[in-house]
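Undergrad: structural data only, the sequence is not supplied:
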């Protein structure tokens, strides 16, 4: 059952916990205004576990450099906790990530099913 995440006015989302992963469905803007709250909330959830994280950004309208920085930090945190972080992307997010050549590091996935398969394979 999805539980709402308390983020910001411009970034909203829900969290679902599966057997070996957490799924976050986010909508809105991942920018300098929302980055700190977003990073803190997801980081705390990684600490609680499970440490395999799926960020569904398919409904995100905009990501700036602050948002990308938060994503990089969260990937590193998940890896340190012996987990993974998969990002379900959309064309806008993918284009932004490709501009800085982070598509491999951020493990962009075309769909939720692909992200789930990637977690099962680890």
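TA: That came in fine, so what should we check first? Quick caveat: nothing in here was measured; it's all calculated off a predicted structure.
Undergrad: all contacts plus neighbour counts: C-alpha atoms, from now on.
TA: Will do.
Undergrad: reduced to three states, what does residue 66 come out as?
TA: Counting by DSSP: H, G, I helix; E, B strand; the rest coil, the backbone at residue 66 sits in helix.
Undergrad: got a list of what it touches?
TA: By CA atoms under 8 Å, 6 or more residues apart in numbering, the residues touching residue 66 are 30, 31, 32, 35.
Undergrad: one more time with 6 Å
TA: 31, 32 (CA atoms under 6 Å, 6 or more residues apart in numbering).
Undergrad: ok, longest strand in the protein?
TA: What stands out as the longest strand in the chain, according to DSSP state E, is strand 53-63.
Undergrad: packing partners of that one?
TA: When contacts are defined as 3 or more CA pairs under 6 Å, 6 or more residues apart in numbering; DSSP states H and E, strand 53-63 packs onto strand 22-30, strand 85-88.
Undergrad: turn the ones you listed into CSV, including mean pLDDT, mean neighbour count and distance to residue 64.
TA: Converted to CSV, the helices and strands packed on strand 53-63 look like this (pLDDT from 0 to 100; neighbours: other CA atoms under 10 Å; distance: least, CA to CA, whole Å):
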stretch, mean pLDDT, mean neighbour count, distance to residue 64
strand 22-30, 98, 21, 7
strand 85-88, 97, 25, 16
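Undergrad: just want the most central residue of this structure.
TA: residue 55 (3.0 Å; CA atoms, centre = their mean).
Undergrad: now do the phi/psi pair for residue 92.
TA: phi -70, psi -50 (degrees, to the nearest 10).
Undergrad: one step back: ok, which of the helices and strands packed on strand 53-63 comes nearest residue 8?
TA: With CA to CA as the criterion, residue 8 lies closest to strand 22-30 of these, at 9.4 Å.
Undergrad: could you list the paired strands of that closest one along with their orientation?
TA: Sheet pairing for strand 22-30, assigned by DSSP bridges, gives strand 11-17 (antiparallel), strand 53-63 (parallel).
Undergrad: show me how far the shortest one is from its chain's centre.
TA: Right, the one you point to is strand 11-17. With CA atoms, centre = their mean, to the nearest Å as the basis, strand 11-17 stands 10 Å off its chain's centre.
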